[in-house]
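Asker: no sequence on hand, only this structure:
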C-alpha cells in the first residue's frame with residue numbers, strides 16, 4: 001500500500017479481523033504476532049503451508065463461536081479480555097518463532113533489551129523488554145516482583161525477607177516498590193486499601 005504499511009493499517013483498525021500475514025520480510029513476524037495475527041507466512045508460500053494457515057483461521061473462528069468471543073481483537077482503546085490459562089505467547093529465539101505455553105512459564109528475568117524465560121522444559125532468551133512482556137502476560141497470572149523479575153503467581157512458594165521462593169527451590173529478589181503488589185497477590189486482606 002503506497003500511503004500506509006499493512007502493520008500500520010492493522011494498528012489503525014478499531015477492531016482487528018482475523019489476519020494471515022504474507023510477506024517476504026521476516027523482521028515483521030514479531031510485530032504481526034503482537035497484533036494477534038493468526039499466522040505469518042514468508043514468500044514464496046507453499047500451498048500446504050497456505051492451507052495450514054487457512055485451517056488455523058477456521059480453528060480460530062470455531063473457538064470464537066464456542067466461547068462467544070467477538071471475532072475482531074480489541075485494540076489499545078478497548079480492554080483486552082483475560083488470557084486463558086491454557087494460552088501461549090510466541091517469542092523469537094535464534095531466528096525461529098517459539099510457542100511458549102503460559103502454564104509452562106516459571107519466571108522471567110529481564111536483561112535490558114532481552115529477557116530470559118524459564119519454563120518447565122527449558123530457558124529461552126529473546127530480544128524483548130521485560131516491560132513489554134509484562135504488558136503481554138495476563139496480570140492475574142504473573143506479577144512483577146523486582147525491576148528484573150516477573151514470576152508466575154501459581155509458582156510462588158514462600159516469601160522470606162526480600163527473597164521469593166518459587167517452585168523447584170528457585171529464589172528471586174523482591175524489590176521494595178513491588179512488595180505491596182506481591183503481598184496483595186499472596187494474601188489480599190494483608191494490604192490496606
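Answerer: Thanks, I have it. What you are looking at is a predicted structure, and each value in this text was computed from that prediction instead of being measured.
Asker: hey, where'd the helices end up in the chain?
Answerer: With DSSP state H applied, the chain shows helices at 6-12, 29-34, 47-67, 130-136, 179-186, listed in chain order.
Asker: mean pLDDT, distance to residue 164 and mean neighbour count added to these, as CSV?
Answerer: Yep, even glycine has a C-beta here, placed from its N, CA and C like the rest. Rendered in CSV, the data for the helices of the chain read as follows (pLDDT from 0 to 100; distance: least, C-beta to C-beta, whole Å; neighbours: other C-beta atoms under 10 Å):
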stretch, mean pLDDT, distance to residue 164, mean neighbour count
helix 6-12, 83, 36, 14
helix 29-34, 80, 29, 18
helix 47-67, 77, 34, 12
helix 130-136, 90, 16, 16
helix 179-186, 86, 7, 15
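Asker: could you point out which of the ones you listed sits nearest residue 151?
Answerer: Closest to residue 151 of the helices of the chain is helix 179-186 (C-beta to C-beta; 8.7 Å).
Asker: for that closest one, packing partners?
Answerer: strand 142-146, strand 156-160 (3 or more C-beta pairs under 8 Å, 6 or more residues apart in numbering; DSSP states H and E).
Asker: how distant is the last one from the center of its chain?
Answerer: Chain-centre distance of strand 156-160: 24 Å, with C-alpha atoms, centre = their mean, to the nearest Å.
Asker: mind checking the pLDDT average for it?
Answerer: Taken as a whole, strand 156-160 has a mean pLDDT of 89.
Asker: could you give me the buried positions within that strand?
Answerer: By neighbour count, and taking 16 or more other C-beta atoms under 10 Å as the criterion, the buried residues in strand 156-160 are 156, 159.
Asker: tell me the strands beside that strand, with direction?
Answerer: Strand pairing for strand 156-160, using DSSP bridges, gives strand 163-166 (antiparallel).
Asker: quick one: distance of the partner strand to the chain centre.
Answerer: Relative to the chain's own centre, strand 163-166 is displaced by 23 Å; criterion: C-alpha atoms, centre = their mean.
Asker: ok, residue 183 to residue 170 distance?
Answerer: Counting by C-beta to C-beta, to the nearest Å, the gap from residue 183 to residue 170 is 20 Å.
Asker: picking up where we left off before, would you list the helices of the chain in a markdown table and tack on distance to residue 20?
Answerer: As requested, the helices of the chain are exported to a markdown table (distance: least, C-beta to C-beta, whole Å):
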| stretch | distance to residue 20 |
| --- | --- |
| helix 6-12 | 11 |
| helix 29-34 | 9 |
| helix 47-67 | 5 |
| helix 130-136 | 21 |
| helix 179-186 | 37 |
